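Peer 1: Structure here, sequence nowhere to be found:
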């Protein structure tokens with residue numbers, strides 16, 4: 001069964017989540033060397049979620065068009 005077009009989530013409209021899943025938290029902790037293999041997976045330290053803000057690109061006029 002397919003999903004109606006109005007119910008699909010477009011890639012641009014997804015919001016940044018403020019909570020990570022346990023595997024995502026473990027990946028971040030491993031990157032920063034705050035968790036090693038064999039440590040308990042319960043009671044993990046907090047991990048800050050980086051919010052990504054997209055900046056709008058400015059339109060750049062070509063110099064060739066301005067000279068003409």
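Peer 2: Yep, it's here. Predicted, not measured: the structure shown is a model, and the values here were computed from it. Numbering: from 1, shown residues only.

Peer 1: close enough to count as contact, residue 47 and residue 29?
Peer 2: Yes. With contacts counted by C-beta atoms under 8 Å, residue 47 reaches residue 29, the gap being 6.5 Å. Every C-beta, even on glycine, is put in place using the N, C-alpha and C of the backbone.

Peer 1: Next, the buried residues of the longest helix seen in the chain.
Peer 2: Longest helix of the chain, by residue count under DSSP state H: helix 22-31. Judged by neighbour count using 16 or more other C-beta atoms under 10 Å, the buried positions of helix 22-31 are 25, 26, 28, 29.

Peer 1: how about the first one, what does it touch?
Peer 2: If I follow you right, that is residue 25. 44, 47 (C-beta atoms under 8 Å, 6 or more residues apart in numbering).

Peer 1: Need the pLDDT of it.
Peer 2: Looking at residue 25, its pLDDT is 92.

Peer 1: how close does it get to residue 18?
Peer 2: Applying C-beta to C-beta, to the nearest Å, the value for residue 25 to residue 18 is 13 Å.

Peer 1: Likewise for the third one?
Peer 2: For residue 28, the distance to residue 18 equals 14 Å [C-beta to C-beta].

Peer 1: same deal with the second one?
Peer 2: Between residue 26 and residue 18 the distance, using C-beta to C-beta, works out to 18 Å.

Peer 1: ditto for residue 38
Peer 2: 29 Å.

Peer 1: quick one: low-confidence ranges for the chain?
Peer 2: Low-confidence segments of the chain (pLDDT under 70): 11-15, 53-54, 61-68.

Peer 1: mind listing the strands for it?
Peer 2: Applying DSSP state E to the chain gives no strands.
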